[in-house]
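>>> Predicted model follows, preceded by the sequence.
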Amino acid sequence: MTNRNTVTWNSMISALAKNNKINDARSLFDEMPLRNLVSWNTMIAGYLHNDQVGEALKLFEVMPQRDPFTWTLVITCYTRSREIEKARRVFDGLPQEKRKPACWNAMIAGYLKKGMIEEARRLFDEMPVKDLVSWNSMLACYTQNEEMNMGLKFFVEMGERDVVSWNLMLHGLVQINDMDGALCFFRRIPNPNVVSWVTILSGYAKVGRIVEARGLFDRMPERNVVSWNAMIASYIRNNQVDEAARLFMEMPDRNPASWTAMVNGYVRCGKLDKARELLDQMPYKNVSAQTAMIYGYVQNMRMDEAREIFDGIGSRDVLCWNTMLAGYSQSDRMDEAIQLFKQMNTMNLVTWNTMITGFAQKGQMNEALEILEKMGERNIVSWNSIISGFTQNGLYINALEHFLLMARDGKKPVQSTFASGLSCCANLAALRVGIQIHHLTVKSGYVNDLYVGNALITMYSKCGRISSADQVFNDLDGIDIISWNSLIFGYALNGYGREAIELFQEMEEKGLDPDQVTFVGVLSACSHAGLIDQGLGLFKSMTVEPVAEHYACIVDLLGRAGRLKEAYQLMLGMPDKCNHPGTWGALLGACRVHRNIELGKLAAEKLFELEPRSTSNYVLLSNIQAEAGRWKEVERVRVLMKERGVEKQPGCSWLEAKNGVHSFFSHNSKESNMADICDVLRVLTAHMKNTRYMLDINLFLLDYE
DNA sequence: TATGCGTAGT
């Protein structure tokens, strides 16, 4: 059947496939006059080489006969698509005599990719005939899973070693950043080849030792395109894109990886137009380079250009889809994200998580939950996205519920989970739950994480346990500006103005530069504690550019002292015309306390303009007018509210007692013992009548109605 | 003369 001619066709197909010209290879395969078994195997191997597992399997289905080569190829197909069980079924179905060592080796390699070292070892021990590739495959299981102690033991036990064995060990040492060990090893390799050199070179680049990497590159006895690519990638890794570009121009020949590395390099340093220029010049564009370009556009909010590249890609992989999807999801364009999502036929965990994050950011938590339900396997990122989504949308109880559901799903919280959970407790003033989560962070070893520590400071502060906040602050191994700011805010919130200022001074003495947030904290501390002069002094001596929030603090501070005119004057002098609701809100609040109707009206009108749907502004103005007995004006505000479709939200508060959180709404409270509670309230109200709270009782009654 | 599987590097 086979003639000389068929062999020639076969070798041409193989050569084309190995040079990534898979479509040309297929054309030849279809055209050839006489195919033998080797032709089919060659074509399947070609598809595997080009990462087209689906096409490979299609050919396998229709081929007329099979041999051990074929079976090895099929096992590799399944291990590449991470379907290890299918691979194993094929393997188990083979009769003993057809199980060549390569077949076993392919199976071991499959377990390696899944990190299933024990399974691999069992198979390795069962093998009747082991060749050097078998030993190397097993060694790779150890070195690629950072099991270097086992790896070294195995390496020593190996009767025979080749340069692949040495290179595997070398790569393992590089992966755990043990460059001293790696260099030692490299020096002892009997005949290091270009792979050995590239491995050690990349290792130095990985730990930032770019000069040593370049030294190795210059000393390499032979260089191929991968060596050049590795050096280019090293420069890009270390933010030296110009040096990389120089090498790119110099190199004798380039492959798609060279181009992709450079496109990626320009994208990483923000030179998008350079990246695009290169991409357009690429002789054979590949999906990796195009995806890098899409990523660049997406990160810079240039979605139209990203889409243009995306639409021009013939065969997209899952990374490409996910990059485009993340672009829409991050720029709040969920409708387009959904469209894309529906068109995808291969997805992975990242795909689903991207959708969750997108919905969560838009506040569409029901949609986010729907995705969580539908996805099969979830990871910690899926749960974190849901929990932080609820947190950021103010749905703290739901967030904490899902904290528990996550545990039921068998996933352990990490830093960001704890940060979200603690933030919920802070906002709910749920001290007991907060303390429980604190214990969990200790148990799981995250208590010294800076994010967690800072969240703990805020949690204790907002729950009124300033001493605990202080203790967390002092116990943290390393603190940053956010830790300082959190504690300053904590003191401010709890009325310890002087302590907040002291902390601020301590921070300055330690040589730390306060930022804008620090000043908001310390100014609000002055305001809450009535430290007028200190506050004004600090404001004048601020080392950062004042922003609206600082003005709001000062307006609040002056307002509380009754210095309304001064506050208003300050606002007029703000750099850009004051459009900050918080500042006007502070003024309006002060006008109510000090009964300044004219200024209050002015502030309110401005606020209606800035946030027409905010209930509290209407209520405040209405209260001011009511206190002055100007009922017609009160009526006017109520009509205004109706016209604009603003509805007063029912008042709500909650507190935490032994057995959970109790919430109270001004209507239809869920509490069953409401009658008892009202009795107590009446007693307290009577008591308050004889105190300085008397002033506000009429307001209380007005709201109560 | 000449072809296909499994292990290492960008």
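Great, that's in hand. Here the structure is a predicted model, which means the values were calculated and not measured.
>>> Where in chain A is the helix or strand with the lowest mean pLDDT?
Lowest by mean pLDDT, DSSP states H and E among the helices and strands of chain A is helix A:697-704, with a mean of 31.
>>> in stretch A:546-557, what counts as buried?
Using 16 or more other C-beta atoms under 10 Å as the test for burial, stretch A:546-557 gives A:546, A:548-557. (C-beta placed from N, C-alpha, C; glycine too.)
>>> Looking at the residues you listed, which one is closest to DNA strand B?
DNA strand B lies nearest to A:E549 out of the buried residues of stretch A:546-557, by C-beta to the nearest atom of the strand, at 45.6 Å.
>>> Tell me the confidence at the closest one?
The model reports A:E549 with a pLDDT of 86.
>>> repeat for A:S331
92.
>>> can you count the residues close to it?
16 (other C-beta atoms under 10 Å).
>>> Alpha carbons only: can I get the helix or strand hosting A:E85 in PDB?
According to DSSP states H and E, A:E85 maps onto helix A:84-93. The C-alpha trace of helix A:84-93 is given here as PDB (Å, rounded to 0.1, in the frame of the first residue of the first chain):
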ATOM      1  CA  ILE A  84      -8.000  12.800  32.700                       C
ATOM      2  CA  GLU A  85     -10.700  10.300  33.300                       C
ATOM      3  CA  LYS A  86     -11.400   9.800  29.600                       C
ATOM      4  CA  ALA A  87      -7.700   9.400  29.000                       C
ATOM      5  CA  ARG A  88      -7.500   6.700  31.700                       C
ATOM      6  CA  ARG A  89     -10.500   4.900  30.200                       C
ATOM      7  CA  VAL A  90      -8.700   4.700  26.900                       C
ATOM      8  CA  PHE A  91      -5.600   3.500  28.600                       C
ATOM      9  CA  ASP A  92      -7.400   0.900  30.700                       C
ATOM     10  CA  GLY A  93      -9.200  -0.400  27.500                       C
END
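>>> touching DNA strand B at all, that helix?
No. Shown here: helix A:84-93 not in contact with DNA strand B (C-beta under 7 Å from any atom of the strand), separated by at least 11.3 Å.
>>> export the buried residues of stretch A:546-557 to TSV and tack on secondary structure and distance to DNA strand B?
Formatted as TSV, those follow (DSSP: H, G, I helix; E, B strand; the rest coil; distance: C-beta to the nearest atom of the strand, whole Å):
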residue	secondary structure	distance to DNA strand B
A:P546	coil	48
A:A548	helix	47
A:E549	helix	46
A:H550	helix	48
A:Y551	helix	51
A:A552	helix	51
A:C553	helix	51
A:I554	helix	54
A:V555	helix	56
A:D556	helix	56
A:L557	helix	57
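>>> Ignoring the adjacent residues along the chain, who's closest to the residue in the stretch 501-650 of chain A that DNA strand B sits nearest to?
Nearest residue of the stretch 501-650 of chain A to DNA strand B: A:D515, at 37.9 Å (C-beta to the nearest atom of the strand). Leaving aside its chain neighbours, A:D515 sits nearest to A:I481 (5.9 Å; criterion: C-beta to C-beta, 6 or more residues apart in numbering).
>>> That neighbour and A:E627, how far apart?
A:I481 sits 43 Å away from A:E627, taking C-beta to C-beta, to the nearest Å as the criterion.
>>> can you check A:R276 too?
For A:R276 relative to A:E627 (C-beta to C-beta), the value is 64 Å.
>>> Between these two, point out the one with more neighbours.
Ranked by neighbour count (other C-beta under 10 Å), A:R276 and A:E627 place A:R276 first, with 18 against 15.
>>> Report the secondary structure state of the more buried one.
Secondary structure for A:R276, judged by DSSP: H, G, I helix; E, B strand; the rest coil, is helix.
>>> which regions of the stretch 551-700 of chain A sit below the pLDDT cut-off?
For the stretch 551-700 of chain A, the stretches flagged by pLDDT under 70 are A:577, A:647-674, A:677-678, A:681, A:683-700.
>>> hmm, try it at 50
Of all residues in the stretch 551-700 of chain A, those with pLDDT under 50 make up the ranges A:691-700.
>>> mind listing the strands for it?
Secondary structure of the stretch 551-700 of chain A (DSSP state E, counting those that start in this stretch): strands at A:652-657, A:660-665.
>>> can you list the residues of the stretch 101-250 of chain A near DNA strand B?
A:101-103, A:105-106, A:109, A:131-134, A:136-137, A:140, A:162-164, A:167-168, A:171, A:193-196, A:198-199, A:202, A:224-227, A:229-230, A:233.
>>> give me that answer again for 6 Å
Contact residues (C-beta under 6 Å from any atom of the strand) of the stretch 101-250 of chain A with DNA strand B: A:101-102, A:105-106, A:109, A:131, A:133-134, A:136-137, A:140, A:163-164, A:167-168, A:171, A:193-195, A:198-199, A:202, A:224, A:226-227, A:229-230, A:233.
>>> Among these, which ones are in helices?
Using DSSP state H, A:101-102, A:105-106, A:109, A:133-134, A:136-137, A:140, A:163-164, A:167-168, A:171, A:194-195, A:198-199, A:202, A:226-227, A:229-230, A:233 are the members of those that sit in helices.
>>> Throw together a ChimeraX command that grabs the buried residues out of those.
Restricted to buried positions by 16+ other C-beta under 10 Å, the ChimeraX selection for these reads:
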select /A:101,102,105,106,109,133,134,136,137,140,164,167,168,171,195,198,199,202,227,229,230,233
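>>> just checking, A:D449 touches A:T417?
No. At 11.2 Å, A:D449 does not count as touching A:T417 under the criterion of C-beta atoms under 8 Å.
>>> Looking at those two, which is more packed in?
Under the criterion of other C-beta under 10 Å, the comparison of A:D449 against A:T417 puts A:T417 first, with 27 against 20.
>>> Now for the residue nearest to A:D332 when sequence neighbours are not counted, how many residues are close by?
The shortest distance from A:D332 to any non-neighbouring residue, by C-beta to C-beta, 6+ apart, is to A:K362 (6.1 Å). Applying other C-beta under 10 Å, we find 17 residues neighbouring A:K362.
>>> before we move on, what about A:G629?
9.
>>> cool, A:D576 as well?
A:D576 has 7 nearby residues by other C-beta under 10 Å.
>>> gap between it and A:P546?
Per C-beta to C-beta, A:D576 is found 12 Å from A:P546.
>>> and if you look at A:D24?
66 Å.
>>> Run through the stretch 1-150 of chain A and note the low-pLDDT ranges.
The model of the stretch 1-150 of chain A has pLDDT under 50 over residues A:1.
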